[in-house]
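Asker: Provided below for reference: sequence and predicted model.
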Amino acid sequence: MPARSHPHPRPSISNVSISAGRASRCTEALRDIAEDFAVVSDEFLHKTHSAATATTELLRTVVELDRLVQEAVSALVVRHRSQGEPLSDLAPSLRLTEDRLRKKFKPATVDENLASRTRPRRAPTGTTTCPPRRTCCAHPTSAWPAP
């Protein structure tokens with residue numbers, strides 16, 4: 001009599017959790033994260049050109065960039081998974097196993113985190129935004145000056 005109650009090998013866990021809505025929300029969050037990353041990285045660039053900037057201030061900016069990267073990674077993993085793609089595609093780049101990716105980036109948790117995420121300042125340091133009722137930018141809602 002076999003030691004296991006099931007003589008057949010255990011079937012592999014289905015990694016597929018297809019959800020077009022979740023994939024779409026992750027894509028939109030990635031756009032927001034990319035914008036935030038541009039703003040914060042521009043701020044970091046400006047801060048590094050001043051010898052007077054305190055190391056603690058530079059570190060706060062780098063930590064903010066790291067937080068944005070982690071948000072982007074979680075959104076990318078859940079987006080990939082929600083599109084029905086295998087986690088084995090992402091595992092080597094992240095140096096994690098598929099099982100670890102599945103456990104670390106639970107779709108419901110990532111959805112909740114992305115929905116409640118806070119946004120950094122919308123304009124980079126040293127840049128002025130358009131004043132109300134005046135168009136100085138290529139796009140009226142843009143925080144970036146026109147070229």
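Answerer: Thanks, I have it.
Asker: how near is Glu98 to Ser88?
Answerer: Taking CB to CB, to the nearest Å as the measure, Glu98 falls 6 Å from Ser88. Using the backbone N, CA and C atoms, a C-beta is placed for each residue, glycine as well.
Asker: Just want to know which of those two has more residues nearby.
Answerer: Neighbour comparison, Glu98 and Ser88: the larger count goes to Glu98, with 15 against 11 (by other CB atoms under 10 Å).
Asker: what's the distance between that one and His46?
Answerer: Remark: distance between Glu98 and His46 (CB to CB) = 40 Å.
Asker: how about low-confidence regions in the protein?
Answerer: 1-17, 121-147 (pLDDT under 70).
Asker: Walking through it, point out its helices one by one.
Answerer: Defined through DSSP state H, the helices belonging to the chain, from first to last, are 20-48, 55-82, 91-94, 98-104, 107-115.
Asker: Which residue is the nearest non-sequential neighbour of the most centrally placed residue in the chain?
Answerer: The centroid of the chain falls nearest to Ala72 when counting by CA atoms, centre = their mean (1.5 Å). Counting by CB to CB, 6 or more residues apart in numbering, Ile33 is the residue found nearest to Ala72 once chain neighbours are left out, at 4.8 Å.
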